[in-house]
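# The following comprises the amino acid sequence and a computationally predicted model.
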Amino acid sequence: MTGLAATPPMGWNSWDVFGTSVTEAEIRANAAFIAEHMAGHGWEYVVVDIQWYDPAARAGGYNLGTRLTLDEYGLPHPAPNRFPSAANGAGFKPLADYVHSLGLKFGVHILRGIPRQAVAADTPIKGSEYSAAQIPDRERVSSWVDDNWGIDHSHPGGQAYYDALVRQFAEWGVDYIKADDMIAPYWEDEVEAFWHAVGAVDRDIVLSLSPGMSLSTEHAEHLQAHSHLWRISADLWDRWRDIDTQFDLLRDWAPFAGPGHWPDADMLPLGHMGIRAEVGEPRQSLLTPDEQRTMLTLWCIARSPLMVGADLPTSGAETIELLTNPEVLAAQRHSAGAQEVWREGRHVAWASADGAFAAVFNRGTEAAELQLPWETLGLTQPERVRDCWNRSDIVPGDHLRAKLQPHSSALFRLS
């Protein structure tokens with residue numbers, strides 16, 4: 001898995017807009033849109049989020065005690081009523097093939113553990129001498145969905161089940177796995193078992209771990225060694241308080257970011273979202289234009305993965321323009337060692353260690369005019385200053401100057 005996620009992944013995820021109930025038609029429509037309008041700017045992953053194996057998935061939450069679509073080995077398969085190309089055991093291969101034909105990469109969400117339904121049926125674990133009833137840990141269950149039991153990794157069948165699961169994903173052509181309920185609380189043996197399974201297949205697969213609420217940086221070295229990216233917060237929605245929380249989290253996690261291992265500030269709640277989501281009604285993002293820019297500025301300077309959660313074909317042109325500004329995205333693709341370098345009250349500045357980018361933020365409710373000496377930012381006075389959002393050059397002086405409205409920001413490229 002060496003060399004994977006050399007830069008933070010960029011893509012699309014179905015959760016913010018379609019919740020548990022996304023369909024194949026919706027995946028194909030968003031993939032086609034990305035290929036036509038966004039792929040040239042680095043957007044490449046198309047990720048199907050949770051419960052794609054539930055035929056009765058609905059808007060507004062999870063079904064409890066639902067009958068899942070599983071094969072004879074207790075492995076989840078896409079529900080054919082939602083994903084017609086998955087019929088007759090084809091799984092996600094036809095959909096992955098379509099995404100690949102567009103020049104993009106395909107991803108799936110999976111929940112920690114083994115389906116309770118497979119345990120009740122005592123299905124054989126593919127490629128092993130074990131069966132499902134031998135491996136559940138009924139104490140280590142998710143607090144928010146009841147599809148699965150936890151796995152007892154003291155039994156070799158636990159690793160065998162994850163190996164079989166990830167082999168199936170690899171056979172389908174999966175390029176990205178979002179493994180959920182793994183790190184809040186932190187299940188060290190689960191993380192290691194899943195990482196082992198990903199490393200055992202003959203396919204490059206990026207591993208993302210979720211969610212990250214109350215995740216301690218004490219786990220940073222373990223995460224770096226056993227994943228490509230990991231969430232650092234609970235689910236993030238289109239509320240300023242959610243964005244504001246990320247300033248402290250990204251500051252704390254910045255030292256652990258680098259090629260192949262990225263702290264993840266969660267999906268971008270932009271554009272047309274909430275069509276059938278867990279939170280809220282159908283809407284355009286409730287973040288103001290300034291707040292949307294601030295979110296993108298922070299995510300990019302901190303080099304968080306970027307996963308947009310909108311229905312892209314029905315989102316406004318302003319959202320697509322926001323997501324395809326090459327000068328802003330360059331901070332996420334090309335900067336190095338960025339960190340918070342200054343904070344005073346509700347005003348914050350970040351700079352990359354290579355001196356290529358600087359960003360200033362006004363988290364407060366009043367307009368502000370910042371004048372920061374370059375040395376305060378740990379930088380030398382540049383010969384050229386480029387305003388990345390406005391795509392205009394600024395005459396450099398002995399200070400970095402910015403006039404910022406409430407909840408707004410500015411991003412600069414320096415040379």
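Everything's here; your move. In this text, all values refer to a predicted model and were calculated from it rather than measured experimentally.
# Can you name the residues that contact residue 194?
Applying C-beta atoms under 8 Å, 6 or more residues apart in numbering, one finds that residue 194 lies in contact with 112, 162, 166, 177, 179, 182, 207. All C-beta atoms are positioned from the backbone trio N, CA, C, and that covers glycine.
# Tell me which residues are up against the longest helix seen in the chain.
In the chain, with assignment by DSSP state H, the single longest helix is helix 156-172. For helix 156-172, contacts defined as C-beta under 8 Å, 6+ apart pick out 73-76, 91-93, 96, 108, 110, 114, 125-128, 130-132, 134-135, 151-153, 177, 193-194, 196-198, 200-203, 205.
# Give the next helix or strand downstream of it.
Sequence-wise, the next helix or strand downstream of helix 156-172 (DSSP states H and E) is strand 176-180.
# Counting by contacts, list what that next one packs against.
If contacts are counted by 3 or more C-beta pairs under 8 Å, 6 or more residues apart in numbering; DSSP states H and E, strand 176-180 sits against strand 45-48, strand 105-111, helix 188-200, strand 206-209.
# Listing partners with orientation, what would you give for the first one?
So that's strand 45-48. Here strand 45-48 has these sheet partners by DSSP bridges: strand 10-13 (parallel), strand 105-111 (parallel).
# Where does pLDDT dip in the protein?
Residues of the chain meeting the criterion pLDDT under 70: 1-2.
# Let me see the ranges of the helices in it.
15-18, 24-37, 93-101, 116-121, 156-172, 188-200, 220-226, 240-253, 289-301, 317-323, 326-334.
# Can you tell me which of those is most buried?
Most buried of the helices of the chain, by mean neighbour count (mean count of other C-beta atoms under 10 Å): helix 15-18, with a mean of 27.
# Send me that helix as PDB with only the CA atoms.
What follows is helix 15-18, C-alpha atoms only, in PDB (Å, rounded to 0.1, in the frame of the first residue of the first chain):
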ATOM      1  CA  TRP A  15     -24.300  10.500   2.800                       C
ATOM      2  CA  ASP A  16     -25.200  14.200   3.100                       C
ATOM      3  CA  VAL A  17     -27.700  14.200   0.300                       C
ATOM      4  CA  PHE A  18     -29.200  10.700   0.200                       C
END
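# So what's the gap between that helix and the chain middle?
Helix 15-18 has its C-alpha centroid displaced from the chain centroid by 13 Å (C-alpha atoms, centre = their mean, to the nearest Å).
# what packs against it?
Helix 15-18 packs on strand 272-273, going by 3+ C-beta pairs under 8 Å, 6+ apart.
# Centre of the chain to the strand it packs on, how far?
That offset, for strand 272-273, works out to 17 Å (C-alpha atoms, centre = their mean).
# Could you do stretch 380-394 as well?
The answer for stretch 380-394 is 30 Å, by C-alpha atoms, centre = their mean.
# Next: stretch 210-226.
Distance of stretch 210-226 from the chain centroid (C-alpha atoms, centre = their mean) equals 15 Å.
# Over to stretch 239-246?
The answer for stretch 239-246 is 16 Å, by C-alpha atoms, centre = their mean.
# neighbouring contacts of that stretch?
Stretch 239-246 is contacted from outside by 232-233, 236, 265, 269, 286-287, 291, 294-295, 298, 363, 407, using C-beta under 8 Å, 6+ apart.
# go again using 7 Å as the cut-off
Stretch 239-246 has contacts (C-beta atoms under 7 Å, 6 or more residues apart in numbering) with 233, 236, 265, 286, 287, 291, 294, 295, 298, 363, 407.
# neighbours around the closest residue to the fifth one other than its chain neighbours, how many?
Spelled out, it's residue 287. Nearest residue to residue 287, sequence neighbours excluded (C-beta to C-beta, 6 or more residues apart in numbering): residue 238, at 5.0 Å. Residue 238: 24 surrounding residues under other C-beta atoms under 10 Å.
# What of residue 384?
Residues near residue 384, counting by other C-beta under 10 Å: 12.
# Over to residue 263?
Per other C-beta under 10 Å, the neighbour tally for residue 263 reads 28.
# Kindly report the same for the one 3 residues further on.
A count of neighbours around residue 266, defined by other C-beta under 10 Å, yields 26.
# which non-adjacent residue is nearest it?
Per C-beta to C-beta, 6+ apart, closest to residue 266 is residue 236, 4.0 Å.
# do the same with residue 79
residue 55 (4.0 Å).
# how deep is the one you found tucked in, by neighbour count?
15.
# Could you check how far it is from residue 90?
Using C-beta to C-beta, to the nearest Å, we find residue 55 at a distance of 16 Å from residue 90.
# re earlier: to residue 273, which of the helices of the chain lies closest?
helix 15-18 (4.7 Å; C-beta to C-beta).
# And for the closest one, what's in contact with it?
The contact list for helix 15-18 (C-beta under 7 Å, 6+ apart) reads 26, 49, 267, 269, 272-277, 309-311.
# Would you check which pair of those residues lies furthest apart?
26 and 269 (17.4 Å).
# Include distance to residue 391 when you put the helices and strands packed on strand 176-180 into a markdown table, please.
A markdown table is the format used below for those (distance: least, C-beta to C-beta, whole Å):
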| stretch | distance to residue 391 |
| --- | --- |
| strand 45-48 | 27 |
| strand 105-111 | 29 |
| helix 188-200 | 40 |
| strand 206-209 | 31 |
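# so which of those comes closest to residue 86?
Of the helices and strands packed on strand 176-180, nearest to residue 86 by C-beta to C-beta is strand 45-48, at 11.0 Å.
# pull the CA atoms of the closest one into PDB?
Output of strand 45-48 as PDB, limited to C-alpha atoms (Å, rounded to 0.1, in the frame of the first residue of the first chain):
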ATOM      1  CA  TYR A  45     -13.500   9.200  -5.800                       C
ATOM      2  CA  VAL A  46     -17.200   8.200  -5.900                       C
ATOM      3  CA  VAL A  47     -18.200   6.700  -2.600                       C
ATOM      4  CA  VAL A  48     -21.500   4.800  -1.700                       C
END
